[in-house]
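Visitor: Provided below for reference: sequence and predicted model.
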Amino acid sequence: MKNLKPNFSHIYLEKDAIGYPLAEMALSKFIGSTIIEIDHYKDVFNRKGQNFQVQKMTMKLILARKREPLLYEGSGMIQDYKTPNVYYNTPILNCLYNCDYCFLQGMYDSGNLVVFVNEQEMMDAIDSRVSNPIDPSLPTVISISYNTDLLAMENILPLSRRWINYVKGKKNTIIEIRTKSALFHAIRDIDPIDNVILSWTLSPEIICNQYEAAAPPLRRRVNAVKNALANGWKVRLCFDPVILVEDWIEIYTKFFQELFVEIDGNQIQDVTLGVFRMNKDYFNRIRRRDPKSDIYFSEYSVEKGIVAVKGQERKLAMNDIENILTNFISKDKILIWK
């Protein structure tokens with residue numbers, strides 16, 4: 001049942017979104033849905049008393065126009081991409097998946113999905129920023145799926161396709177599309193370009209089954225990675241978060257050994273590593289909601305407003321993972337959140 005198109009029984013349509021081509025496309029895909037016109041998406045998305053997990057079971061779609069800001073400075077929660085020109089935007093709020101460790105369930109009260117239909121304005125904001133970078137000698141990196149899984153939506157709305165087409169010819173702009181989706185085939189007909197990185201989050205199967213139950217299984221993700229590489233795309237592998245379960249070192253060692261039999265590490269653009277971490281306010285909000293996952297009842301430290309695996313334990317774990325990975329991929333390709 002993974003990657004099937006969701007059945008949005010209700011669609012909330014913001015008045016300012018009416019007439020945008022993306023809104024019209026979405027409405028045409030769900031002609032049986034009840035359409036409810038609203039003044040502002042926050043009237044629905046931000047209202048009090050919502051239950052994130054209940055809403056995730058029957059998500060509603062909200063079509064809206066994004067107001068300023070249209071672009072955000074890079075988060076301290078991500079790895080160092082070797083350029084200070086790092087930003088993210090939010091074409092969508094929330095995700096079709098519902099991984100236990102995801103910060104979105106602490107960031108938002110609503111489990112519903114918001115799609116912003118004024119994508120051209122978001123693209124214009126990037127153009128404006130690229131014309132005035134922090135360091136003109138280095139490229140600008142934009143994560144366009146920071147608050148969602150954009151590729152997971154591709155069988156509903158061709159958002160990844162549109163962003164790829166946008167960045168063609170813009171040599172100083174790199175976009176990263178981070179995903180757990182198996183829907184590479186939806187963009188397979190597009191010729192790969194150098195300034196697009198397709199980033200797949202992969203975890204050992206036991207981790208996928210326990211903490212990523214709503215996402216496509218590991219086998220389908222690996223197949224998508226192999227197909228992307230075979231078609232000439234730049235691929236980043238994200239082993240993030242590494243979950244320090246019992247016997248984690250043996251679990252991840254076996255996982256890497258099996259994975260890199262199928263995938264040539266020399267073909268990979270780079271990999272990212274990190275342990276579980278989350279904004280303290282988001283973490284506490286989730287705990288107050290009585291989560292079922294054991295992730296929220298482990299021991300962590302709080303450093304600069306971030307809940308994370310304790311410093312020394314984190315350092316040792318990342319060193320161990322890095323040492324294992326260097327058997328399959330060169331050390332200079334390993335980006336670590338520290």
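Guide: Here it is on my side, so go on.
Visitor: residues in contact with Asp189?
Guide: Taking C-beta atoms under 8 Å, 6 or more residues apart in numbering, we find Asp189 in contact with no residue. To be clear about C-beta, it is placed using only N, CA and C from the backbone, and glycine gets the same treatment.
Visitor: Tell me the secondary structure of it, please.
Guide: The three-state assignment at Asp189 reads coil, by DSSP: H, G, I helix; E, B strand; the rest coil.
Visitor: Please, where are all the strands along the stretch 151-300 of the chain?
Guide: Along the stretch 151-300 of the chain, counting by DSSP state E, counting those that start in this stretch, strands occupy 173-179, 196-201, 234-242, 270-275, 277-279.
Visitor: Please identify the buried residues of the third one?
Guide: Pointing back at strand 234-242 there. Along strand 234-242, these residues count as buried under the neighbour rule (16 or more other C-beta atoms under 10 Å): 234-242.
Visitor: who touches it?
Guide: 79, 101, 176, 178, 192, 194, 196-203, 225, 228-229, 248, 252, 263, 267-277, 317-318, 321, 325, 337.
Visitor: Low-confidence bits of this protein, can you list those?
Guide: Counting by pLDDT under 70, the ranges of the chain that qualify are 1-5, 76-80.
Visitor: want to throw the buried residues of strand 234-242 into TSV with distance to Cys208?
Guide: Output for the buried residues of strand 234-242, formatted as TSV (distance: C-beta to C-beta, whole Å):
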residue	distance to Cys208
Lys234	24
Val235	19
Arg236	18
Leu237	14
Cys238	13
Phe239	12
Asp240	14
Pro241	13
Val242	13
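Visitor: before we move on, back to that, would you turn the strands of the stretch 151-300 of the chain into a markdown table with distance to Leu70?
Guide: Converted to a markdown table, these look like this (distance: least, C-beta to C-beta, whole Å):
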| stretch | distance to Leu70 |
| --- | --- |
| strand 173-179 | 15 |
| strand 196-201 | 20 |
| strand 234-242 | 24 |
| strand 270-275 | 25 |
| strand 277-279 | 22 |
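Visitor: can you tell me which of these comes nearest to Gln257?
Guide: Among the strands of the stretch 151-300 of the chain, the nearest to Gln257 by C-beta to C-beta is strand 234-242 (13.5 Å).
Visitor: and that closest one, how far out from the chain's middle?
Guide: Centroid separation between strand 234-242 and its chain, computed with C-alpha atoms, centre = their mean, to the nearest Å, is 11 Å.
Visitor: Kindly report the same for stretch 251-258.
Guide: For stretch 251-258, the separation from the chain centroid amounts to 23 Å (computed by C-alpha atoms, centre = their mean).
Visitor: quick one on the thing from earlier: buried members of the contacts of strand 234-242 into ChimeraX, please.
Guide: In ChimeraX, a selection of the buried entries from the contacts of strand 234-242 looks like this (16+ other C-beta under 10 Å):
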select :79,101,176,178,196,197,198,199,200,201,202,203,225,228,229,248,252,263,267,268,270,271,272,273,274,275,276,277,317,318,321,325,337
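Visitor: the helices in the stretch 151-300 of the chain, which residues?
Guide: With DSSP state H, counting those that start in this stretch as the definition, the stretch 151-300 of the chain shows helices at residue ranges 159-167, 205-211, 218-230, 248-262, 280-288.
Visitor: ok and the first one relative to strand 196-201, angle-wise?
Guide: Read that as helix 159-167. 150 degrees (axes from the mean of the first three to the mean of the last three C-alpha atoms, to 10 degrees).
Visitor: Can you list the neighbours in contact with helix 159-167?
Guide: For helix 159-167, contacts defined as C-beta under 8 Å, 6+ apart pick out 91-92, 119, 123, 144, 150-151, 153-154, 173-175, 177, 186-187, 190, 193, 195-196.
Visitor: hmm, back to that, tell me which of the strands of the stretch 151-300 of the chain approaches Gln210 most closely.
Guide: Between Gln210 and those, the shortest separation by C-beta to C-beta is 12.9 Å, and it involves strand 234-242.
Visitor: What pairs with that closest one, parallel or antiparallel?
Guide: Counting by DSSP bridges, the strands paired with strand 234-242 are strand 196-201 (parallel), strand 270-275 (parallel).
Visitor: what's near enough to touch the closest residue to Ala152 other than its chain neighbours?
Guide: Of all residues beyond its chain neighbours, the one nearest Ala152 is Ser181 (4.2 Å), with distances taken as C-beta to C-beta, 6 or more residues apart in numbering. For Ser181, the contacting residues are 3, 149, 151-152, 154, 216, 221, 224, taking C-beta under 8 Å, 6+ apart as the criterion.
Visitor: Swap in 6 Å and give it another go.
Guide: Going by C-beta atoms under 6 Å, 6 or more residues apart in numbering, Ser181 touches 149, 151-152.
Visitor: With Leu104 instead?
Guide: Under the criterion of C-beta under 6 Å, 6+ apart, the contact list for Leu104 reads Asn94.
Visitor: Look up how far Val130 lies from it.
Guide: Using C-beta to C-beta, to the nearest Å, one gets 27 Å for the distance from Leu104 to Val130.
Visitor: now the nearest residue to Val275 once chain neighbours are set aside: how far from Val242?
Guide: Nearest in space to Val275, with sequence neighbours left out and distances taken as C-beta to C-beta, 6+ apart, is Val309 at 4.2 Å. In this structure, Val309 lies at 9 Å from Val242, with C-beta to C-beta as the measure.
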